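> Predicted model and sequence follow; I will ask about them next.
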Amino acid sequence: MNFNYRYPGSSPFEDNDYDRLLFFGREREKLSLFHLVMSERLSVLFAKSGIGKTSLIHAGVNQLFRDKGLIPLVIRFHANYDDPIIAFYETIEDVAKRHSADYISGKQSSLWEYFKTVEFWTSDDVLLSPVIIFDQFEEFFAIYPPEKRKAFIRELADVVRNRIPAKLRKSLTPGTTFSYSETPPDVKILIAIREDYLGLLEEMADDIPHIFQNRFRLMPLNREQAKEAIINPAALKDERIQTPNFKYEDDALEAILEYLCKRKERDGIKIVNEVESFQLQMVCRHIEENKISEKSNKQQEIVIAKQDLSGLSDVLQKFYEDQLEQLQKKDKKNVTRLCEEGFISVSDRRLSLEQEEIERNFKVSKSVLERLVNSRLLRSESRVGSVYYELSHDTLIKPVRNVEKSRQKKLRYIKYTAIVGSVFILVISSAVSTSYFLKNSQSIISKIIITDLNVVEKAEKEIIEYKEAIRINPQNAKLYFSLGDAYSVLMRYQEAITAYNKALELDTINSTLKAIAYKGLGLKCYKWRLYEEAIGAYNKAIEIDPKYASAKGELAEVLTIKGDTGKALPILYEVLKEKDISSDDILGNQFNMICALLIEKRRIEAFEELEELIQYHQSLSKDYERGWDYKPMKNFISEHQTLPESDKNLLLKLADALESPKQEADRKMKEIEAGIK
């Protein structure tokens with residue numbers, strides 16, 4: 001194991017002696033949670049993301065449990081199995097092996113019987129009592145459908161309430177001896193869940209009425225606790241630590257705390273007595289990596305001064321950018337796409353992907369993934385037969401999106417420069433009259449000058465110019481469209497939509513162009529993830545032109561993503577009846593229909609549509625035009641909460657096939673077809 005740094009950075013503390021050595025500031029919470037779990041059969045730990053629930057479990061209470069003769073078994077639910085009960089049995093054996101415990105599996109007729117019969121032994125033949133810790137329990141509700149959740153909750157309730165399972169009770173006949181003692185199953189249960197998902201536990205209240213009774217809310221570190229977490233690791237002397245020990249000057253420490261305690265609120269910037277553990281670790285890791293080596297000198301004491309703290313506000317984004325820059329060009333491109341499209345959903349939620357899926361869809365190798373795990377950008381988890389990867393923390397979502405937006409701005413700038421340059425060359429080299437060129441030269445030259453400005457400055461300047469032009473000529477629709485484009489460059493999307501709608505309200509645009517423009521606006525809003533605005537724009541396009549098939553198809557896709565498959569399906573049926581739509585549109589809309597039908601649990605109809613799609617695809621020539629964008633729906637499918645894993649895999653394989661060259665796509669579809677028969 002590579003023990004290098006004093007601060008773990010983006011990853012939580014782990015369950016090992018080294019991380020426990022570095023874990024400061026949580027002594028009170030560690031003891032309080034330990035005593036709660038020891039005194040109750042079921043406890044709930046909750047906190048906001050980034051506060052340190054997982055670290056408190058791993059580096060805090062787990063060793064306390066071991067010291068009392070218990071074995072802590074941390075379990076996360078995953079989507080390898082459609083049934084959480086099966087997932088639990090399969091996972092717990094793996095977890096026990098990682099703890100080097102001799103594991104004798106219990107009877108798996110029910111969780112109650114399992115915990116009455118399961119055994120965990122040390123190498124010294126000491127029987128251990130299990131503490132089952134369901135970490136990130138919100139995933140249980142995200143992964144499994146209601147009927148599967150209900151069955152698991154009922155079995156868990158039998159354990160918590162020492163209630164003989166109904167199936168076991170019914171099997172008893174008068175006069176037979178009950179083979180189990182009256183004592184409750186020897187197990188403690190701790191559920192760890194994000195605070196914003198705490199309400200999901202209400203689903204368990206019918207079976208476990210006291211589910212909320214034994215709660216432990218982990219709060220952010222206060223200022224004094226944060227001081228401990230900053231100062232104490234820096235002072236440690238240990239041969240496993242890469243950097244020499246150091247200390248902070250008082251003004252440097254206060255500056256770090258002020259930065260970490262700063263909150264942006266509606267009425268301005270406030271300094272609060274709260275510090276998020278994740279941000280603290282990232283900031284201190286940044287200082288350790290970038291400043292200590294500069295100051296390292298065996299003859300002098302290393303001290304961090306206030307002037308050493310530049311760039312704290314950009315630590316998370318710089319951390320992400322640094323990890324990308326260390327990759328080779330091709331790997332950087334693939335990892336960037338993986339982070340933006342694979343690990344973050346369309347609704348900006350963190351996603352977990354399996355290794356083979358990453359290698360297949362994003363061309364990122366196992367060695368690169370392991371390197372990113374070592375750098376703490378990603379975290380990995382072994383889940384029964386495979387390895388899953390995800391961003392190491394939710395707070396990395398915003399930096400990833402910021403880098404994505406910055407890159408898109410640069411691309412728009414490059415494209416704009418190329419277009420204007422091409423126009424200029426065309427004007428000069430073509431047979432355009434001298435009088436025309438002279439008449440328009442000022443406009444052409446001004447655009448070329450603008451391309452030399454920073455893209456943001458250019459857009460801001462254009463906004464001022466277009467607003468002034470609109471004041472003079474308020475009936476010029478083109479000016480409103482141009483104003484909307486300028487707002488779009490700055491990602492001021494609501495203002496862009498307002499400008500586009502102003503243009504479309506004018507009577508100077510004929511109905512055909514207006515329908516096309518509304519459809520274009522709908523697509524913009526869809527890409528900006530402004531789904532309600534997209535639906536409104538598509539509906540206006542269809543109101544003007546009721547036969548506008550492409551607008552209907554895109555509307556149906558947005559409705560599906562919004563969860564309104566009941567409205568999406570009739571639209572898709574209507575679109576696919578149209579005669580004048582391209583082969584690519586037929587395949588794309590049929591794919592969306594299959595997805596909507598599976599969400600609606602209309603599996604027979606879905607598979608009928610799938611067979612039709614495969615047959616239609618086989619009938620096409622190899623050079624048919626492909627252009628349908630499946631990425632938004634693939635992201636939506638990956639994060640869907642109720643779709644069974646088998647259906648998700650089917651849809652993702654189908655999308656992968658539809659994106660492939662014709663011959664390869666036909667082969668993949670034959671495999672899909674064979675798999676469903």
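In hand now; what should we look at? Numbers count the residues shown, from 1 in each chain.
> Tell me who's in contact with the nearest residue to Leu530 once chain neighbours are set aside.
Distances taken as Cβ to Cβ, 6 or more residues apart in numbering put Tyr493 closest to Leu530, at 6.2 Å, once the chain neighbours are dropped. Glycine gets a C-beta too; all of them are placed from N, C-alpha and C. Residues in contact with Tyr493 (Cβ atoms under 8 Å, 6 or more residues apart in numbering) are Tyr487, Cys525, Trp528, Leu530.
> How about Asp584?
Asp584 sits next to Tyr624, Glu625, Arg626, Gly627, Trp628 when contact means Cβ under 8 Å, 6+ apart.
> burial count for the last one?
The local packing count at Trp628 equals 20, with neighbours defined by other Cβ atoms under 10 Å.
> Assumed it was part of a helix.
No. Counting by DSSP: H, G, I helix; E, B strand; the rest coil, one finds Trp628 to be coil, located in no helix.
> right, and it touches Asn592 too?
No. Counting by Cβ atoms under 8 Å, Trp628 does not reach Asn592; the two are 9.6 Å apart.
> Strands along this structure, start to end?
Taking DSSP state E as the criterion, the chain carries its strands at 42-47, 70-75, 102-104, 119-121, 127-134, 188-194, 215-217, 247-248, 262-265, 268-271, 303-304, 353-354, 378-383, 386-391.
> Let me see the residues that make contact with the third one.
Looking back up the chat, that one is strand 102-104. Glu93, Ala96, Lys97, Val118, Glu119, Phe120, Trp121, Thr122, Ser123.
> will you turn the residues you listed into JSON lines that also has pLDDT, distance to Leu198 and neighbour count?
Putting those into JSON lines (pLDDT from 0 to 100; distance: Cβ to Cβ, whole Å; neighbours: other Cβ atoms under 10 Å) gives the following:
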{"residue": "Glu93", "pLDDT": "83", "distance to Leu198": "30", "neighbour count": "11"}
{"residue": "Ala96", "pLDDT": "84", "distance to Leu198": "29", "neighbour count": "20"}
{"residue": "Lys97", "pLDDT": "80", "distance to Leu198": "32", "neighbour count": "11"}
{"residue": "Val118", "pLDDT": "93", "distance to Leu198": "29", "neighbour count": "20"}
{"residue": "Glu119", "pLDDT": "93", "distance to Leu198": "34", "neighbour count": "14"}
{"residue": "Phe120", "pLDDT": "93", "distance to Leu198": "30", "neighbour count": "19"}
{"residue": "Trp121", "pLDDT": "92", "distance to Leu198": "36", "neighbour count": "14"}
{"residue": "Thr122", "pLDDT": "88", "distance to Leu198": "35", "neighbour count": "15"}
{"residue": "Ser123", "pLDDT": "85", "distance to Leu198": "39", "neighbour count": "8"}
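> Pick the one among those residues closest to Lys366.
Distance to Lys366, by Cβ to Cβ, is smallest for Lys97 among those, at 22.1 Å.
> Spit out the contact partners of the closest one.
Tyr103.
> now swap in Ser583 and tell me
So Ser583 contacts Tyr616, Leu620, Tyr624, Glu625 (Cβ under 8 Å, 6+ apart).
> among these, who's most crowded?
Leu620 (17 neighbours).
> If you tally nearby residues, what's the number for Asp125?
7.
> Could you pull up phi and psi at it?
Asp125 adopts backbone torsions of phi 60, psi 40, taken as degrees, to the nearest 10.
> quick revisit: please list the members of the contacts of Ser583 that lie in helices.
Tyr616 (DSSP state H).
> Can you add distance to Ile164 and give the contacts of Ser583 back as JSON lines?
As requested, those are arranged in JSON lines below (distance: Cβ to Cβ, whole Å):
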{"residue": "Tyr616", "distance to Ile164": "56"}
{"residue": "Leu620", "distance to Ile164": "61"}
{"residue": "Tyr624", "distance to Ile164": "63"}
{"residue": "Glu625", "distance to Ile164": "64"}
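> which two in the contacts of Ser583 are spaced the farthest apart?
The span of the contacts of Ser583, defined through Cβ to Cβ, is set by Tyr616 and Glu625 at 14.8 Å.
> Going by distance to Leu506, which of the contacts of Asp584 wins?
For the contacts of Asp584, the nearest to Leu506 is Gly627 (31.3 Å; Cβ to Cβ).
> Give the closest residue to that closest one in space, chain neighbours not counted.
Asp584 (5.5 Å).
> Quick check: the one you found vs Gln590, distance?
Separation of Asp584 from Gln590 (Cβ to Cβ, to the nearest Å) stands at 11 Å.
> Asn635 now?
Separation of Asn635 from Gln590 (Cβ to Cβ): 19 Å.
> So the chain: which segments form each domain?
26-217, 223-315, 326-392, 582-677 (automatic domain parsing).
> Show me the least confident stretch of the strands of the chain, going by mean pLDDT.
Among the strands of the chain, strand 262-265 has the lowest mean pLDDT, at a mean of 64.
> sorry, back to before: dump the contacts of Tyr493 into a markdown table; add distance to Gly342 and pLDDT as well.
Converted to a markdown table, these look like this (distance: Cβ to Cβ, whole Å; pLDDT from 0 to 100):
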| residue | distance to Gly342 | pLDDT |
| --- | --- | --- |
| Tyr487 | 30 | 80 |
| Cys525 | 24 | 86 |
| Trp528 | 20 | 81 |
| Leu530 | 23 | 86 |
